[in-house]
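Visitor: sequence first, predicted coordinates after that:
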Amino acid sequence: MLHQCGFVAGCDGNISVRMGRNLVLGTPTAICKGMMEPGDLVLVDMEGRQNGGGRSPSSELGMHLLYYQSRPDIRAVVHAHPPTATGFAAAGIALEEPIVAEAVITFGSIPLAAYGTPVTSELSAELGPLMPNHDAILMANHGVVTCSHDLLSAYMKMEKVEHYARIVAVARQLGPLKPLNDEQVRKLMKARLSYEGNRIPVLPELE
Ligand code: 13P
């Protein structure tokens, strides 16, 4: 779906699911997400040591593991390069202004992590502080990462980030932006807590 929607090109992006306390299933490095077979997936432990699958893990596995370490409530992480949201990330513009009610309810806000070289601890250093409070983060000059309690939900958050970025791009062109006011945002943040679509199911204990 990431590939079909154009959120990744070539072998871009990576996906993982937390299967157990010390077990993560993920996409291997350098594979087209639109052409994978189940047997291509790899298993790793929470330290990133491989314990299943014949291919090498994603080069960005560290980012996925960091999300799992900081968020016991999540079970899936998706990283992609959707063009409009990545355009915002490349322009250094966060999606934090409250422009559309639905985005406030879904995300609160979507921050921008400063640039860190991919596949290094620099990237984790920039993303880490944002992970506890955000399910979607723009990565400057790189892409987007989302997480959720299951894989479909993490994917749909990616879809919603890109859709929202498109709306903001149009609004900026038509401009000036008319952000919601503090009182409107306060009400939406309250609604966010009870909205069914944000309900986190009780997840089975990790074994
Ligand atoms: P991997 O193929 O190593 O998962 O990396 C893809 C990518 O999108 C890097 O940003």
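Guide: Everything's here; your move. Numbering: from 1, shown residues only.
Visitor: tell me the SS of the residue most central in space within the chain?
Guide: Centroid check for the chain by C-alpha atoms, centre = their mean gives Thr146 as the closest residue, at 1.2 Å. Counting by DSSP: H, G, I helix; E, B strand; the rest coil, the backbone at Thr146 sits in strand.
Visitor: just the CA coordinates of stretch 22-37, formatted as PDB?
Guide: Taking C-alpha atoms only, stretch 22-37 is exported to PDB below (Å, rounded to 0.1, in the frame of the first residue of the first chain):
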ATOM      1  CA  ASN A  22      12.300  -9.100  22.700                       C
ATOM      2  CA  LEU A  23      11.100  -9.800  19.100                       C
ATOM      3  CA  VAL A  24      10.500  -7.500  16.200                       C
ATOM      4  CA  LEU A  25       9.500  -8.500  12.600                       C
ATOM      5  CA  GLY A  26      10.700  -6.100  10.000                       C
ATOM      6  CA  THR A  27      11.400  -5.400   6.300                       C
ATOM      7  CA  PRO A  28      14.900  -6.200   5.100                       C
ATOM      8  CA  THR A  29      17.200  -3.500   3.800                       C
ATOM      9  CA  ALA A  30      17.100  -2.600   0.100                       C
ATOM     10  CA  ILE A  31      13.900  -4.200  -1.000                       C
ATOM     11  CA  CYS A  32      11.000  -2.700  -2.900                       C
ATOM     12  CA  LYS A  33       8.000  -2.600  -0.500                       C
ATOM     13  CA  GLY A  34       5.700  -3.300  -3.400                       C
ATOM     14  CA  MET A  35       7.400  -6.600  -4.300                       C
ATOM     15  CA  MET A  36       8.100  -8.300  -1.000                       C
ATOM     16  CA  GLU A  37       7.300 -11.900  -0.100                       C
END
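Visitor: the residue nearest to the centre of the chain against Met158, yeah?
Guide: Yes. Here Thr146 lies in contact with Met158, judged by C-beta atoms under 8 Å, at a distance of 4.8 Å. All C-beta atoms are positioned from the backbone trio N, CA, C, and that covers glycine.
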